[in-house]
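Peer 1: build the 3D model from these lines:
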Amino acid sequence: MQDKILATYVLMDLLFVVCGGLLLIFALVTKSELTQTPTIQNVATDLLLNVCPLTAAIANSVLVFFTFLVSVPAMVAPMTRGWLKFHGYLVVVCAIFTMLIGLTIWFDTLKTRQNLSDIWNVQPNTTQSLLQQRFNCCGYNNATSPPFFVPDSTCPNPLAAAANIGCVTPFVSFANTFLDTIFTGAFGIVGVDVALILTTAMLLKDRKEKERYRHIDEKQGTGSF
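Peer 2: Predicted coordinates:
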């Protein structure tokens, strides 16, 4: 039974560190992409990712890797419980950290329209034009109310712009779908953390029972279990 519990613990621990690796890769790749010149294909996603807590995600992944290293003595020493307890506490911290990141992104989706308005207003005309081309729209709210549309191939003149929709509706719809995917992924990682916490508790209980039986055997003079 102990072998099965330990094997489950090791499996969840490996899955835990894989999630940390994916989190780090996502944050680093995203930071790298944000330094590149925006295009029609990536302008919307880059603007959304730029307001995500990427630095916190990197810090979280570093904590995950440290937590995994702490688990190594717990796996190598079959009866130790000190390292296992310390590892369990660190996993709880990682889970809370990741959950806070997910909740931060989720909370932003509750005020997407206002957030995107603020983002739109600080963008240069070139970026606003890319967004207009990306969503086939003119202006943020519409072509006739501020912030006004930027003349480009999608909105070449006031008459054509007035016949087109504002960017707010397609941009908000895209942002909600995109951010939903990100915070759902964060909550999925929290689910892995919770599963690891449960397997850690099971392994601790199993080792505690083995330790108790060993002491009983020693008192009876039959040697360790």
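Peer 1: mind listing the strands for this protein?
Peer 2: In the chain, no strands are found when defined by DSSP state E.
Peer 1: in it, which residue is closest to the centre?
Peer 2: Central residue of the chain (CA atoms, centre = their mean): Ala186, 3.6 Å from the mean position.
Peer 1: enumerate every residue touching the residue lying closest to Cys137 once chain neighbours are set aside.
Peer 2: What sits nearest to Cys137 in space, not counting adjacent residues and going by CB to CB, 6 or more residues apart in numbering, is Cys167, at 3.9 Å. C-beta coordinates here come from the backbone N, C-alpha and C atoms, glycine included. Shown in contact with Cys167 (CB atoms under 8 Å, 6 or more residues apart in numbering): 120, 131-132, 135, 137-140.
Peer 1: generate a markdown table for those residues, with distance to Tyr89, neighbour count and pLDDT as supplementary columns.
Peer 2: Below are the contacts of Cys167 laid out as a markdown table (distance: CB to CB, whole Å; neighbours: other CB atoms under 10 Å; pLDDT from 0 to 100):
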| residue | distance to Tyr89 | neighbour count | pLDDT |
| --- | --- | --- | --- |
| Trp120 | 44 | 19 | 94 |
| Leu131 | 45 | 24 | 96 |
| Gln132 | 51 | 27 | 95 |
| Phe135 | 47 | 22 | 96 |
| Cys137 | 50 | 23 | 94 |
| Cys138 | 54 | 26 | 94 |
| Gly139 | 52 | 24 | 92 |
| Tyr140 | 47 | 24 | 93 |
